[in-house]
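Chemist: Sequence and predicted structure are below.
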Amino acid sequence: MRYLAVAIAIAAGLIVLISYFVPALAMVQSVLLNWAIILAGMAALVGVFNLISVHGDKVRRREKGNIYSAVLLVSLFASFIFGLALGPDQPYIRLLVNTVIVPVETALMALLSVTLLYASIRLLRRRTDVMSIVFLLTAVLMLAASATLPFGEILPLNNLIRPWIQQVLALGGARGILIGVALGTLTTGLRVLFGADRPYGDK
Amino acid sequence: MSLLDLITGIAAFLFTLFIFSYLIGDNPLFRLAVYIFVGVSAGYVAAVAFRQVLWPDLLFPLLTGSVAQKALLVMPLILSALLLTKVSPRLTSLGMPAMALLVGVSAAVAVGGAVTGTLLPQAGATINLFDTHAAASVPQLAQMMFNGAWILAGVTTTLVYFHFGARTTRDGSARRFGFIEFLAFIGSIFLAITLGVLFAGVYSAALTALIDRFHFFGTLFGLH
């Protein structure tokens, strides 16, 4: 089974990759991409089944916190059945999303404003080096320049310093990070395509 | 305001309050809200995956499509069934071929995307800053060159920062070459500035979310 899996991964990957340069293979690429999309959809369902299995076991064994697992299962089945029956774009399902998912996500994001502030204070106390100081100084400058202050905007900061930091210094760093990430993706992808890495194995 | 709006408004208010209760520490109300959130989100994702991917792309064509369409979908049907065995720890190895196809195709798409979507455009954008024909006047050219030099320095030193090749010293410790170490230090300054700008953006977004929640409270209780 392991050798079959490696052969499938290498063959499918190489066909899709070669199709970028050989237009005659575009049809095969389209079929393989469609299969991958179907499998990604099925993988999402497998993930949800796994969640049900883990929390179902917790409820069955009456482990600590099993009441939360029971609540999770009830809410999961309710939203799945309604979503399946009515469709995800139906107004009642949108209402469910706007009542549960949007408020919780927004509130968690709002909590971040407190935790980030706390984390930045801890950073200065735990690690006072050049990188930390430059990082916090830049963050404070950017926030001060974008904030609506009672005495009006700080002109050189808002008109000159902020755009230069954002569009020149930060752009250089961000571009370096992006190119680094792309090189990392390229290397990892090629390792998978040549069978050096096999992240689909059972171990 | 209709009764349904009132009920959903109160529910949203309670969920927000339960999440905010985390400020006083982990507590049952926070956990309740998070577990409901995870349950509803997972159920919604499963419904979307079925209604918008599996049904229109696999099951519906298998039931109503032409023979050619059905023949093309036999393989993903078998692989989907094999993928389902991943739920059981005893049968998990049967799902390997399906995972292999998914990983192989994803790796190829990632490689293509990294080259055509990031590497070439980002390198091109850095090079184009030194295009002398793009400037309309000498001061503009000077400004372009000045900014371009800073950006190029940022790109190269940031990449050098992530270079971890080192030589072993006499005492057995690993050290980078002095010049590389110097460039990496400059790169760390650029990285700190970039992360500071990103942090400010995330913090602004978090503050906007906080203001949105307070605005929601005000609207619900008719304060504005």
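Modeler: Now that the structure is in, tell me what you want to look at.
Chemist: show me the contacts for residue 98.
Modeler: I went with chain A, as the question did not name one. Counting by Cβ atoms under 8 Å, 6 or more residues apart in numbering or on different chains, A:N98 touches B:8, B:12. C-beta here means a position set from N, CA and C on the backbone, and glycine is covered the same way.
Chemist: actually chain B
Modeler: Per Cβ under 8 Å, 6+ apart, neighbours of B:A98: A:39, A:42, B:79-80, B:82-83.
Chemist: Return the closest of the residues you listed with respect to A:L190.
Modeler: A:L39 (21.7 Å; Cβ to Cβ).
Chemist: residues near the closest one, how many?
Modeler: Residues lying near A:L39 (other Cβ atoms under 10 Å in any protein chain shown) number 25.
Chemist: I'd guess A:E153 is in a helix, am I close?
Modeler: No - the assignment for A:E153 (DSSP: H, G, I helix; E, B strand; the rest coil) gives coil, which keeps it out of a helix.
Chemist: Got the phi and psi for B:A174?
Modeler: When read as degrees, to the nearest 10, the backbone of B:A174 gives phi -100, psi 130.
Chemist: Okay, domains of chain A per the record?
Modeler: A:1-86, A:87-126, A:129-203 (automatic domain parsing).
Chemist: how about the helices of the chain, start to end?
Modeler: Let's take chain A. A:2-19, A:26-60, A:66-86, A:91-96, A:102-126, A:130-146, A:155, A:162-164, A:170-193 (DSSP state H).
Chemist: other chain: chain B
Modeler: Ranges of helices within chain B are B:3-20, B:28-49, B:60-64, B:67-84, B:96-113, B:120-128, B:138-161, B:178-220, based on DSSP H.
Chemist: Just the buried positions in the first one, please.
Modeler: Under the neighbour-count criterion of 16 or more other Cβ atoms under 10 Å in any protein chain shown, helix B:3-20 has B:8-9, B:11-13, B:15-20 buried.
Chemist: My guess is A:L157 contacts A:L141. True?
Modeler: Yes - using Cβ atoms under 8 Å, A:L157 makes contact with A:L141 at a distance of 6.8 Å.
Chemist: Mind checking which of these two has more residues around it?
Modeler: More neighbours surround A:L141 than the other of A:L157 and A:L141, with 19 against 15 (other Cβ under 10 Å).
Chemist: any idea how far chain B is from that one?
Modeler: For A:L141, the distance to chain B equals 8 Å [Cβ to the nearest Cβ, to the nearest Å].
Chemist: Any stretches of the chain with poor pLDDT?
Modeler: Picking chain A for this. Scanning chain A for pLDDT under 70 picks out the ranges A:202-203.
Chemist: That was the other one, I meant chain B.
Modeler: For chain B, the stretches with pLDDT under 70 are B:1, B:224.
Chemist: ok, 90 please
Modeler: Within chain B, the segments meeting pLDDT under 90 span B:1-6, B:65, B:69, B:86-95, B:128-141, B:143, B:162-181, B:217-224.
Chemist: So which of the helices of chain A is nearest B:I211?
Modeler: helix A:102-126 (8.3 Å).
Chemist: ok, and does the closest one reach over to chain B?
Modeler: Yes - judged by Cβ under 8 Å from any Cβ of the partner chain, helix A:102-126 comes into contact with chain B through A:102-114, A:116-117, A:120.
Chemist: Which single residue of chain B ends up nearest chain A?
Modeler: Nearest to chain A in chain B, going by Cβ to the nearest Cβ, is B:G154, at a distance of 1.7 Å.
Chemist: Is that residue in contact with A:G176, as I believe?
Modeler: Yes - counting by Cβ under 8 Å, B:G154 sits close enough to A:G176 to count as a contact (6.0 Å).
Chemist: For chain A, which residue gets nearest to chain B?
Modeler: For chain A, Cβ to the nearest Cβ, closest residue to chain B: A:G172, 1.7 Å.
Chemist: Name the nearest residue to that residue, sequence neighbours excluded.
Modeler: Nearest residue to A:G172, sequence neighbours excluded (Cβ to Cβ, 6 or more residues apart in numbering or on different chains): B:G154, at 1.7 Å.
Chemist: same check, this time on A:Y92
Modeler: By the measure of Cβ to Cβ, 6+ apart, the closest residue to A:Y92 outside its immediate chain neighbours is A:L86, 6.1 Å from it.
Chemist: Likewise for B:L72?
Modeler: A:V31 (6.3 Å).
Chemist: now A:M109
Modeler: B:A209 (3.8 Å).
Chemist: burial count for that neighbour?
Modeler: The burial count for B:A209: 18, using other Cβ under 10 Å.
Chemist: residues contacting it?
Modeler: Shown in contact with B:A209 (Cβ under 8 Å, 6+ apart): A:106-107, A:109-110, A:112-113.
Chemist: By neighbours, which of the residues you listed wins?
Modeler: Neighbour counts for these (other Cβ under 10 Å) peak at A:A107, which has 26 neighbours.
Chemist: gap between the closest residue in space to that residue that isn't next to it in sequence and A:I93?
Modeler: Spatial nearest neighbour of A:A107, chain neighbours left out: B:I19 (3.6 Å); criterion: Cβ to Cβ, 6+ apart. For B:I19, the distance to A:I93 equals 22 Å [Cβ to Cβ, to the nearest Å].
Chemist: Would you format the contacts of B:A98 as JSON lines with distance to A:E153 included?
Modeler: Shown next, in JSON lines, are these (distance: Cβ to Cβ, whole Å):
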{"residue": "A:L39", "distance to A:E153": "52"}
{"residue": "A:M42", "distance to A:E153": "53"}
{"residue": "B:L79", "distance to A:E153": "58"}
{"residue": "B:S80", "distance to A:E153": "57"}
{"residue": "B:L82", "distance to A:E153": "61"}
{"residue": "B:L83", "distance to A:E153": "56"}
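Chemist: Counting neighbours, which of the residues you listed comes out on top?
Modeler: A:M42 (27 neighbours).
Chemist: pretty sure that residue is touching B:T85, no?
Modeler: No - A:M42 lies out of contact with B:T85 (Cβ under 8 Å); the separation is 11.2 Å.
Chemist: what about the residue nearest to A:L73 when sequence neighbours are not counted, how many residues close to it?
Modeler: Leaving out its chain neighbours, the residue that sits closest to A:L73 by Cβ to Cβ, 6+ apart is A:H55, at 5.5 Å. The number of residues packed around A:H55, counting by other Cβ under 10 Å, is 24.
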